[in-house]
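> got a sequence here, can you model it:
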Amino acid sequence: QVQPVESGGGSVQAGGSLRLSCTVPGSTSTRCGMDWYRQAAGKQREWVSSISIAGITTYADSVKGRFITSKDKAKDMMYLQMNSLKPEDTAKYFCKTSGSVSYGCGVWGQGTQVTVSS
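A predicted model of the protein is given here:
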């Protein structure tokens, strides 16, 4: 199993934007769906967005219309474009592959911190 690696986190003021990246070497994006989750301090991890092998995206209501998930199969990369950020978006963001374990899916990355100040 190949572990995803997230990058692109940082600190931004409310209303700003950040783009997170997730790299999953080994053409995993052609075998697995890919998800974004986040976990704020003291809270449970929550689902943010998914992109299927076919490229179909879904979003949590809390981020719909502000976040955009995309992927680049050629680069084995997934992205989370986060716009109009709010302080409540502050969390550690995780990338996860989803699908059959026999294809090497179901692996979590170590996360990247996003902090939004008001």
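
> Val12: neighbour count?
17 (other Cβ atoms under 10 Å). (Each C-beta comes from the backbone N, C-alpha and C, glycine too.)

> partners of it in the sheet?
With DSSP bridges as the criterion, Val12 is bridged to Val116.

> so it sits right up against Val116, yeah?
Yes: under the criterion of Cβ atoms under 8 Å, Val12 makes contact with Val116 at 5.8 Å.

> so what sits against both of the two?
Leu85 (Cβ atoms under 8 Å, 6 or more residues apart in numbering).

> show me the contacts for Ala40.
Per Cβ under 8 Å, 6+ apart, neighbours of Ala40: Glu88, Thr90, Ala91, Lys92.

> show me the two of the residues you listed that sit farthest apart.
Glu88 and Lys92 (14.0 Å; Cβ to Cβ).

> the more surrounded of the two?
Lys92 (18 against 11).

> now for the more buried one: which residues touch it?
Here Lys92 is in contact with Gly9, Arg38, Gln39, Ala40, Gly111, Thr112, Gln113, Val114 (Cβ under 8 Å, 6+ apart).

> switch the cut-off to 10 Å
6, 9, 37-41, 45, 110-115 (Cβ atoms under 10 Å, 6 or more residues apart in numbering).

> which non-adjacent residue is nearest it?
In space, Lys92 comes closest to Gly111 once its chain neighbours are excluded; the distance is 4.3 Å by Cβ to Cβ, 6 or more residues apart in numbering.

> coming back round to it: closest to Lys64 among the contacts of Lys92?
Checking the contacts of Lys92 one by one against Lys64 (Cβ to Cβ), the nearest turns out to be Arg38, at 14.4 Å.

> which stretches of this protein form helices?
In the chain, no segments count as helices under DSSP state H.

> looking at it, Ser118 is touching Asp89, isn't it?
No: using Cβ atoms under 10 Å, Ser118 is not in contact with Asp89, being 11.3 Å away.
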